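**Student:** Build me a model:
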Amino acid sequence: MMLAALALLFVLSGAAGLFYEAVWSRYLSLFVGHDAYAQILTLVIYLGGMGLGALLVSRRSHRIRDPLFAYAVVEGLVGVLGLLFHDSIYLPVTGWAYSSLFPALGGGTGVVLAKWALAGLLILPQSILLGATFPLMSAGTLRRLPDRPGRTLSILYFTNSLGAAAGVLIAGFYLFQLAGLPGTLIAAAGLNLLVALGALVVSKTHPLGEVSVGRDVGRSVGDEPTDLPTYRLPPGELRALLMLLAAGTAVASFVYEVGWIRMLSLVLGSSTHSFELMLSAFILGLSLGAWWVRARADRFTDPLRTLAIVQLVMGGLAILSLPLYLESFQWTATLLQATARTEPGYVFFTLSRYAICLIVMLPATFCAGMTLPLMTRMLMAGSITMRQMA
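**Tutor:** You can find the predicted model right below:
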C-alpha cells in the first residue's frame with residue numbers, strides 16, 4: 001500500500017517535471033528566438049541540471065537522516081520556484097537583458113552568447129532540484145521497503161517516466177491552450193506542492209525509527225545484504241566500471257534523443273505539437289523498459305552480463321531504426337493525403353504521428369529503460385546506500 005502511494009506521488013512528480021520542460025522550451029524559444037535551438041538547450045540544461053542535482057545529493061547523503069522527508073522539501077522548493085518563475089524570474093531577467101545588457105554589448109556574438117547563458121541560468125536551479133528527487137525518493141522508499149530492491153527501483157522509475165510521458169502531452173495539447181504558459185507553470189507547481197504534502201504525510205506516518213544518519217538502506221531495518229554474483233573485479237573497480245558505463249549509456253541515450261528529435265522534426269514538420277509527441281514517445285519507451293525489468297531485476301543471476309546484452313541489443317535496434325525512419329516520410333505523406341481536414345481527422349493524424357515516433361524510437365528506448373534499474377541493482381552490491389543511488 002505504501003509503495004502504491006509513493007508510486008502515485010512519483011507519477012504526479014514526473015508529470016510536473018515534464019510540464020516544466022515543455023513550458024521552459026516555449027519560454028526559451030521566445031527569449032532565444034529559435035524553436036529548435038531552444039528545445040536542445042532545454043534538454044541539455046534540464047538533463048545536465050538533474051545530473052548535478054543527483055551528484056549534490058550523493059555528496060551530502062551522509063547528512064540526510066530521512067531521504068523521503070528531504071524529498072518532500074525538494075518538491076516543495078520546486079513548486080515555489082514554479083510559482084515565482086514567470087513574474088519574479090523570467091520577466092525581470094529578460095527585461096533587464098533587453099533594456100540594459102544587450103545594448104551594452106552592442107550586438108553580435110556577445111548578445112548571442114549572453115542570450116544562451118541567461119537562458120540556461122533561468123532553468124538551471126529548478127533542474128538541479130529535480131535531479132535530487134529520484135535518489136531521495138528511491139532511498140526513502142527502500143529504507144522503508146528493503147525487500148526486492150530491484151523491483152522497487154524499477155517501479156519507481158516506471159511510474160516517474162510514465163507520468164513524464166503523459167505530462168508532456170497534457171501540457172502541449174491542453175494546458176497551453178487552456179491556461180497559457182503562466183497557467184501551466186502554476187499547474188506544475190500545484191502538483192509539486194501536492195506531492196510534497198503527500199510525501200511529508202508518508203514520512204511522518206511511516207517513520208524510519210532508529211536509523212543512523214548515512215547508514216546503509218538495506219541494513220537499516222535489519223535485512224541481510226542482497227546476494228549478487230561475485231565478479232573478478234574488486235568492488236571498488238566494479239563500481240568505477242559501472243559509473244563509466246553509466247556515463248557512456250547516458251551520452252548515447254542523449255545522442256539518440258537529440259538525433260531522433262531533429263530527424264523526426266523533418267518528418268512531422270514544425271507543427272505546434274511535434275516536439276511534445278517526440279519527447280513523450282521517447283520517455284514512454286523508457287518507462288515500458290523499466291516496467292518489463294521490474295519483475296526480473298532481482299532474479300538475474302548475472303546482471304552485468306544482462307546489462308551488456310541489453311546494450312548490444314539497444315545499439316542494434318537503434319541502427320535498425322534508420323530504415324524505419326526513411327519509410328516514415330512516405331507514411332506521413334500518405335497520412336496527409338488520406339486524412340480529412342476535420343477535427344476528428346486531426347485527432348487521427350496526431351495519433352498516427354505519435355505512432356510513427358513510437359515505431360522509430362520505442363525498440364531502442366525500451367532497452368534504455370532497463371539500464372538504470374540494472375546498474376543501480378549492481379551498485380547496491382550487498383548494501384543500498386543513497387550515495388550509490390544518486
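**Student:** distance of Leu118 from Asn192?
**Tutor:** To Asn192, Leu118 is 24 Å away according to C-beta to C-beta, to the nearest Å. Every residue, glycine included, has its C-beta placed from N, CA and C.
**Student:** who has more neighbours, the two?
**Tutor:** Each of Leu118 and Asn192 has its neighbours counted (other C-beta atoms under 10 Å); Asn192 has more, 30 against 18.
**Student:** mind checking how far the closest residue to that one other than its chain neighbours is from Gly140?
**Tutor:** Of all residues not flanking Asn192 in the chain, Gly79 sits nearest, at 3.3 Å (C-beta to C-beta, 6 or more residues apart in numbering). When distance is defined by C-beta to C-beta, Gly79 is 18 Å away from Gly140.
**Student:** What segments of the chain are helices?
**Tutor:** Remark: helices assigned in the chain by DSSP state H are 2-32, 35-59, 67-84, 91-96, 102-105, 109-144, 149-170, 176-205, 235-268, 274-293, 303-338, 343-380, 386-389.
**Student:** Let's have those in CSV, adding mean pLDDT.
**Tutor:** Output for the helices of the chain, formatted as CSV (pLDDT from 0 to 100):
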stretch, mean pLDDT
helix 2-32, 93
helix 35-59, 87
helix 67-84, 96
helix 91-96, 96
helix 102-105, 92
helix 109-144, 92
helix 149-170, 91
helix 176-205, 95
helix 235-268, 85
helix 274-293, 91
helix 303-338, 92
helix 343-380, 89
helix 386-389, 64
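**Student:** hang on, the earlier thing: so the residue nearest to Asn192 makes contact with Leu185?
**Tutor:** No - at 10.1 Å, Gly79 does not count as touching Leu185 under the criterion of C-beta atoms under 8 Å.
**Student:** contacting residues around the most centrally placed residue in the chain?
**Tutor:** Central residue check for the chain by C-alpha atoms, centre = their mean: the C-alpha nearest the mean position is that of Ser161, 6.5 Å away. By C-beta atoms under 8 Å, 6 or more residues apart in numbering, the contact list for Ser161 reads 14, 283-284, 286-287, 290, 369.
**Student:** which one among those gets closest to Pro146?
**Tutor:** Ala290 (19.5 Å; C-beta to C-beta).
**Student:** For the closest one, the count of nearby residues, please.
**Tutor:** 27.
**Student:** hmm, back to that, pull up the gap between the residue nearest to the centre of the chain and Phe134, please.
**Tutor:** Distance from Ser161 to Phe134, by C-beta to C-beta: 10 Å.
**Student:** same thing with Met378?
**Tutor:** 17 Å.
**Student:** One more: Arg305?
**Tutor:** For Arg305, the distance to Phe134 - C-beta to C-beta - is 26 Å.
**Student:** So for those two, which sits in the more crowded spot?
**Tutor:** Phe134 (25 against 11).
**Student:** Roughly how far does that one sit from Gly236?
**Tutor:** Taking C-beta to C-beta, one finds Phe134 at 24 Å from Gly236.
**Student:** now Gly369
**Tutor:** Using C-beta to C-beta, Gly369 is found at 28 Å from Gly236.
**Student:** between those two, who's got more neighbours?
**Tutor:** Gly369 (27 against 8).
**Student:** dump the residue contacts of the more buried one.
**Tutor:** Counted by C-beta under 8 Å, 6+ apart, Gly369 has contacts 157-158, 161, 285-293.
**Student:** residues in contact with the residue lying closest to it once chain neighbours are set aside?
**Tutor:** Distance criterion C-beta to C-beta, 6+ apart; nearest residue to Gly369, sequence neighbours excluded, is Gly289 at 2.3 Å. With contact set as C-beta under 8 Å, 6+ apart, Gly289 has these partners: 365-371.
**Student:** swap in Leu56?
**Tutor:** 128, 131-132.
**Student:** neighbour-wise, which of those residues leads?
**Tutor:** Going by other C-beta under 10 Å, Ala132 tops these with 27 neighbours.
**Student:** I'd say that one and Leu55 touch.
**Tutor:** No - between Ala132 and Leu55 there is no contact under C-beta under 8 Å: 9.5 Å.
**Student:** pull the CA atoms of stretch 275-284 into PDB?
**Tutor:** This file holds the C-alpha atoms of stretch 275-284, laid out as PDB (Å, rounded to 0.1, in the frame of the first residue of the first chain):
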ATOM      1  CA  PHE A 275       8.200  18.300 -30.000                       C
ATOM      2  CA  GLU A 276       5.700  17.100 -27.400                       C
ATOM      3  CA  LEU A 277       4.900  14.000 -29.400                       C
ATOM      4  CA  MET A 278       8.600  13.100 -30.000                       C
ATOM      5  CA  LEU A 279       9.600  13.700 -26.400                       C
ATOM      6  CA  SER A 280       6.700  11.700 -25.000                       C
ATOM      7  CA  ALA A 281       7.400   8.800 -27.200                       C
ATOM      8  CA  PHE A 282      11.000   8.700 -26.100                       C
ATOM      9  CA  ILE A 283      10.100   8.700 -22.400                       C
ATOM     10  CA  LEU A 284       7.300   6.200 -22.900                       C
END
